[in-house]
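**Student:** Build the 3D model from these lines:
(one chain, ligands or ions: 1)
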Amino acid sequence: MRKCHNIDMIDKNEVVAQVEPASGIVFQANVQVLIIGAGACGLTAALAANDNTNDILVLERDPEPSGSTALSSGFVPAADTKCQRSKGIQDSAHEFNNDILAKASGKQNSELSKLVSYKCGKVLDWLGECHGIDWKILDNFLYPGHTFHRMHTVSEKTGVGLMNRLQAAIGRAGIAISTNSLVDTIYMSNEIISGVRVKRPNGLFEFIGCDNLILACNGYGANKELVKKYIPEMSDALYFGHAGNQGHAVLWGEQIKAGVMHMSGYQGHGSVATPHGVLITWALMMEGGIQVNEQGLRFSNENQGYSEQSVHVLAQSNNVAWVIYDEKLHLLGKEFPDYLKAIKSGAIKSADNASSLIELIGVDRKGFEETLRLIEDFSLSKKVDPFGREFKRNLAPDEKMYAIKVTGALFHTQGGLLVNEKAQVLKSDKTPFKNLFAGGGAACGVSGPDVSGYLSGNGLLTAFSLGALAGWNASK
Ligand SMILES: Cc1cc2nc3c(=O)[nH]c(=O)nc-3n(C[C@H](O)[C@H](O)[C@H](O)COP(=O)(O)OP(=O)(O)OC[C@H]3O[C@@H](n4cnc5c(N)ncnc54)[C@H](O)[C@@H]3O)c2cc1C
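**Tutor:** Okay, the predicted model is just below:
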């Protein structure tokens with residue numbers, strides 16, 4: 001079962017993120033490209049830098065690289081890729097950018113969304129051709145807001161599988177990753193980074209100099225104090241991301257007067273099985289499943305997006321909802337590794353018909369029966385769903401029915417450092433720091449300031465595209 005972290009368990013006082021002047025510091029080594037963080041962003045940056053140099057070091061605080069990337073479903077959105085073309089999918093970067101814009105109601109960082117929507121396809125093709133990553137397209141359902149099938153995945157359909165591919169490529173390229181290396185201090189004089197201090201588990205420090213520094217250490221989802229400050233609505237919610245996302249990039253950024261944007265933006269999720277702690281695929285909702293509360297009533301348009309659904313679920317009694325679906329969707333779910341985990345963990349309840357399911361899960365009978373009647377009317381166009389969802393099918397009350405108790409969770413933050421087209425970190429006056437780069441969750445994303453602005457895949461989108469841009473530009 002997946003290990004999850006309640007924000008309250010993480011002590012902000014442990015987070016040291018200092019910026020110090022470089023004078024008097026003797027660095028034990030110097031590298032051309034130094035990368036903090038070995039998730040998708042850091043490893044992609046390292047592979048890109050390796051196109052120009054071998055002088056690269058990745059620093060990772062954990063004993064093994066994993067990050068939020070390994071916890072993720074590992075679905076990367078990209079347009080106009082070889083993989084899409086081989087399947088006859090006529091997507092374009094322009095359409096992709098329009099979908100990002102529509103989901104964020106135009107409030108996203110528009111220069112950045114254009115940059116990454118045009119870049120990500122090229123980055124995935126390059127990873128395929130030069131580093132042997134064999135992409136597949138998830139084409140059995142569309143995530144909310146995506147016009148085309150553009151989620152790229154490896155055959156396992158997991159973040160762990162994705163990390164394994166990236167690490168294998170790093171190994172083949174002979175790039176060094178130093179694990180158990182928590183960076184707590186960066187050294188900067190005259191707006192130029194000269195190196196970092198690394199804290200080892202035995203409490204000893206090492207000093208590593210660099211010509212260029214890439215921040216690939218993700219956002220601040222695990223930092224209780226920063227979440228309270230920027231995303232108060234999620235300060236008591238379950239945190240479902242990696243414990244290493246302590247906000248180092250923005251804490252350093254604040255001290256050097258870097259530009260930051262959309263700090264209230266985040267990816268939530270309205271479908272984490274509770275108390276089992278397993279992510280339930282949103283494919284169930286997109287293909288006909290519904291969510292009801294303890295009163296047996298629907299409370300939102302489930303097809304709007306799983307991110308904003310986190311807030312709707314948390315607003316229900318006991319902060320929970322039930323995912324309700326039928327046999328057809330159960331079979332679809334079984335195509336996803338997380339769903340198989342949910343079966344094993346006992347999160348999935350089933351009964352021969354709606355009446356027995358009500359007995360089993362204890363929702364209000366009258367409310368639930370009325371909900372099923374309404375869905376039948378919506379699907380026959382006899383009535384219009386007041387939440388605005390279009391129903392193509394009903395859930396038959398006399399057939400086998402499934403239910404999973406879920407809660408809403410915070411997955412990762414979308415606000416962060418502003419970067420330019422080279423992934424260089426910008427100062428508050430929008431001019432770049434020459435040798436400081438950022439990508440992935442360390443940088444501002446493309447979801448705008450609201451939870452509803454998160455289009456599925458916006459997380460790995462900027463990890464891969466900005467990671468590659470940072471690596472290529474930092475190694476020139
Ligand atoms: C359950 C879940 C499912 C998700 N599914 C998807 C999905 O399918 N598609 C999608 O696009 N997004 C998804 N996301 C979001 C996605 O996982 C992240 O946006 C993405 O992994 C960010 O990549 P990253 O490289 O920036 O960060 P990470 O993968 O978190 O890597 C950052 C690394 O930096 C290390 N680090 C941090 N601080 C320091 C420091 N000071 N010194 C040294 N090392 C440090 C961390 O330990 C970590 O290993 C999901 C998130 C979750 C939680």
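**Student:** What count of nearby residues applies to Ile256?
**Tutor:** Ile256 is surrounded by 17 other residues when neighbours are defined as other Cβ atoms under 10 Å. C-beta here means a position set from N, CA and C on the backbone, and glycine is covered the same way.
**Student:** One more: the one 4 residues further on?
**Tutor:** Here the count is done by other Cβ under 10 Å, and Val260 has 20 residues near it.
**Student:** Equivalent analysis for the one 4 residues further on, please.
**Tutor:** Neighbour count for Ser264, taken as other Cβ under 10 Å: 17.
**Student:** Equivalent analysis for Val311, please.
**Tutor:** 18.
**Student:** what's near enough to touch the residue nearest to Asn52 when sequence neighbours are not counted?
**Tutor:** The shortest distance from Asn52 to any residue that is not its chain neighbour, by Cβ to Cβ, 6 or more residues apart in numbering, is 3.8 Å, and that residue is Ser475. Contacts for Ser475 (Cβ atoms under 8 Å, 6 or more residues apart in numbering) come out as Gln32, Val33, Ala48, Ala49, Asn50, Asp51, Asn52, Thr53, Ile56, Asn212.
**Student:** go with 10 Å
**Tutor:** Each residue near Ser475 by Cβ atoms under 10 Å, 6 or more residues apart in numbering is listed here: 32-33, 45-46, 48-56, 211-212, 214.
**Student:** The ligand: which of those is nearest?
**Tutor:** Proximity of the contacts of Ser475 to the ligand was ranked by Cβ to the nearest ligand atom; the top entry is Ala45 with 8.9 Å.
**Student:** Tell me the spacing between the closest residue to the closest one other than its chain neighbours and the ligand.
**Tutor:** Closest residue to Ala45 apart from its sequence neighbours, by Cβ to Cβ, 6+ apart: Gly471 at 3.7 Å. With distances taken as Cβ to the nearest ligand atom, to the nearest Å, Gly471 is found 12 Å from the ligand.
**Student:** from memory Gly471 sits against Ile35, does it?
**Tutor:** Yes - because the distance of 7.9 Å satisfies Cβ atoms under 10 Å, Gly471 is recorded as touching Ile35.
**Student:** need the strands for the stretch 51-200 of the chain, in chain order.
**Tutor:** Counting by DSSP state E, counting those that start in this stretch, the stretch 51-200 of the chain has these strands, from start to end: 56-59, 76-77, 136-137, 151-153, 176-178, 182-189, 192-199.
**Student:** what sits up against the fifth one?
**Tutor:** Applying Cβ under 10 Å, 6+ apart, the set of residues contacting strand 176-178 from outside is 31, 35, 38, 42-43, 46, 54-60, 64-65, 167, 170-171, 198, 200, 206, 208.
**Student:** go on, the second one?
**Tutor:** Counting by Cβ under 10 Å, 6+ apart, the neighbours of strand 76-77 from elsewhere in the structure are 40, 91, 96, 99-100, 116-117, 120-121, 123-124, 127, 133, 135, 138, 143, 146, 148-154, 162, 455-461, 463-465.
**Student:** Ile25 and Tyr187 touch, don't they?
**Tutor:** Yes - taking contacts as Cβ under 10 Å, Ile25 lies within contact range of Tyr187: 5.7 Å.
**Student:** What residues does the stretch 301-450 of the chain have near the ligand?
**Tutor:** Neighbours of the ligand within the stretch 301-450 of the chain, by Cβ under 6 Å from any ligand atom: Phe411, His412, Gly440, Gly441.
**Student:** So which of those residues are in strands?
**Tutor:** Cross-referencing those with the strands (criterion: DSSP state E) gives Phe411, His412 as the overlap.
**Student:** ok, the residues of the stretch 301-450 of the chain next to the ligand vs Val260, which is closest?
**Tutor:** Gly441 (12.8 Å; Cβ to Cβ).
**Student:** Please report how far the closest one lies from Thr413.
**Tutor:** Counting by Cβ to Cβ, to the nearest Å, the gap from Gly441 to Thr413 is 7 Å.
**Student:** Ok, Ala45 next?
**Tutor:** Separation of Ala45 from Thr413 (Cβ to Cβ) stands at 19 Å.
**Student:** Between these two, tell me which one has more neighbours.
**Tutor:** It is Ala45, of Ala45 and Thr413, that has more neighbours when counted by other Cβ under 10 Å, with 36 against 31.
**Student:** wait, what's in contact with that one?
**Tutor:** 33, 35, 37-38, 56, 58, 214-216, 423, 437-440, 463-464, 466-475.
**Student:** Kindly report the same for Ala79.
**Tutor:** Remark: with contacts taken as Cβ under 10 Å, 6+ apart, Ala79 is in contact with 89, 91-97, 99, 117-118, 120-121, 124, 146-148, 150.
**Student:** re earlier: please enumerate the shared neighbours of Gly471 and Ile35.
**Tutor:** Contact criterion Cβ under 10 Å, 6+ apart; residues bridging Gly471 and Ile35 by contacting each: 41-46, 49, 56, 212, 214, 216, 437, 439.
**Student:** tell me which residues in stretch 44-60 are buried?
**Tutor:** For stretch 44-60, the neighbour count (16 or more other Cβ atoms under 10 Å) marks 44-50, 52-53, 55-60 as buried.
**Student:** that older thread, between Ile25 and Tyr187, who's got more neighbours?
**Tutor:** For Ile25 and Tyr187, the more surrounded residue by other Cβ under 10 Å is Tyr187, and the numbers stand at 24 against 16.
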